[in-house]
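Enquirer: A structural model of the following input is requested.
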Amino acid sequence: MKVQFLGVGSQFSSHEQYHSNMVITAPSGKRMLIDCGGDAKFSLAESGLRATDLDAVYISHLHSDHIGGMEWLALSTYFSPENKRLQLFCAEQLQDKLWNNSLKGGLECLGERCMQLADYFDCHPLQDNGAFAWQGLQFKLVKMPHVGGECCSSFSYGLLVEQTAQKDQVFFISTDTLFQPELLEKLAGQVAAIFHDCETTRLKTTVHAHYDQLCTLPASVKDKIWLYHYQPGSGYRPLDDGFRGFVVKGQEFSFPPRAA
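Expert: Residues are numbered from 1 along each chain as shown. Purely as a prediction, here's the structure:
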């Protein structure tokens, strides 16, 4: 199994970082896109991939750096010669909003036909903290608090991933979350790696875990953490602070790890 980061940046990233989306390649060679931000068509192309090279897509939450490319993905696969329909996995609470609040305006009318989300994707709505299997991999949703306030609150659904045949080779992707130290300490004992979103701006927006907060974790937890979704030029030195490092755009990870 491989994980490649198409991008490692935030909502405001340029082509030097791209949005924090990634591709998981199963042992079978099938590919799942984890989130599909507005620059996905560019980050995929830079990695040598077309929309039709994908087989599935997972959506963690509905911010545009995670779903802004979904209209492009839907049309690109629908109008491909093979009329490919990717599997779409997301929490049940997100699926209706994904269509009605984000995609319906651009995708509902196609010629004389009135379309639905299921016309573009093979939809698999998932329960809160549920799980699903795909291509010899097991995925468990982990509900993460992301945005909270009096007017609204929203969650992002992180992923705990393992190979069915090698249950000790597990990693966790936080997607977008507030700082959750108790959960991270619990997960660190179960996984080979944690890929964690990390805010590095001086202004702390309270919608992501900030680097300074993550630095307070025990050394044994930080030793499992790769940081992504960061802003460039922060001056932070993650290796000196006990982390595995900042993920760089295009970086690929193998599970189990390749021999040195």
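
Enquirer: residue contacts, the residue positioned nearest the centre of the chain?
Expert: Centroid-nearest residue in the chain, with C-alpha atoms, centre = their mean: Ile34, separated by 4.1 Å. Contacts of Ile34 were listed using C-beta atoms under 8 Å, 6 or more residues apart in numbering, and they are 21-24, 57-58, 60, 159, 173, 175. For glycine as for every other residue, the C-beta is placed from the backbone atoms N, C-alpha and C.

Enquirer: out of these, who's nearest Phe255?
Expert: Distance to Phe255, by C-beta to C-beta, is smallest for Ile24 among those, at 9.6 Å.

Enquirer: can you say which helix or strand has that closest one in it?
Expert: strand 22-25 (DSSP states H and E).

Enquirer: what does that strand contact?
Expert: 1-6, 31-35, 44, 47, 49, 54, 137, 161, 173.

Enquirer: so where do the helices sit in the stretch 1-150 of the chain?
Expert: Remark: helices assigned in the stretch 1-150 of the chain by DSSP state H, counting those that start in this stretch are 40-46, 64-67, 70-78, 92-97, 104-107, 117-120.

Enquirer: list just the one of those that sits closest to Ile194.
Expert: Per C-beta to C-beta, nearest to Ile194 of the helices of the stretch 1-150 of the chain: helix 64-67, 18.7 Å.

Enquirer: can I get that closest one as CSV, trimmed to CA atoms?
Expert: Output of helix 64-67 as CSV, limited to C-alpha atoms (Å, rounded to 0.1, in the frame of the first residue of the first chain):
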residue,chain,number,x,y,z
SER,A,64,-13.5,23.8,-0.9
ASP,A,65,-9.9,22.7,-0.5
HIS,A,66,-11.3,19.2,0.1
ILE,A,67,-14.3,19.2,-2.4
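
Enquirer: tell me the mean pLDDT over it?
Expert: Mean per-residue pLDDT for helix 64-67: 94.

Enquirer: from the contact counts, what lies against that helix?
Expert: Judged by 3 or more C-beta pairs under 8 Å, 6 or more residues apart in numbering; DSSP states H and E, helix 64-67 is in contact with no other helix or strand.

Enquirer: what about it, distance to the chain center?
Expert: On the basis of C-alpha atoms, centre = their mean, to the nearest Å, the separation between the geometric centre of helix 64-67 and that of its chain is 10 Å.

Enquirer: now for the one helix or strand Glu182 maps to, which elements pack on it?
Expert: Assigned by DSSP H and E, Glu182 belongs to helix 181-188. Under the contact criterion of 3+ C-beta pairs under 8 Å, 6+ apart, helix 181-188 touches strand 193-197, helix 219-222.

Enquirer: mind running it again at 10 Å?
Expert: In terms of contacts (3 or more C-beta pairs under 10 Å, 6 or more residues apart in numbering; DSSP states H and E), helix 181-188 is packed against strand 137-147, strand 154-163, strand 166-173, strand 193-197, helix 211-214, helix 219-222.

Enquirer: which residues sit in contact with Glu82?
Expert: Thr52 (C-beta atoms under 10 Å, 6 or more residues apart in numbering).

Enquirer: centre of the chain to the helix or strand bottoming out on mean pLDDT in the chain, how far?
Expert: In the chain, the helix or strand scored least confidently by mean pLDDT, DSSP states H and E is strand 166-173, which has a mean of 81. In terms of C-alpha atoms, centre = their mean, the centre of strand 166-173 is found 16 Å from the chain centre.

Enquirer: now do the buried residues in that strand.
Expert: Residues of strand 166-173 classed as buried: 169-173 (neighbour count, 16 or more other C-beta atoms under 10 Å).

Enquirer: do you know the pLDDT at the residue lying farthest from the centre of the chain?
Expert: Relative to the centre of the chain, the most outlying C-alpha is that of Glu112, 34.7 Å out, by C-alpha atoms, centre = their mean. Note on Glu112: pLDDT of 88.

Enquirer: lovely, talk soon.
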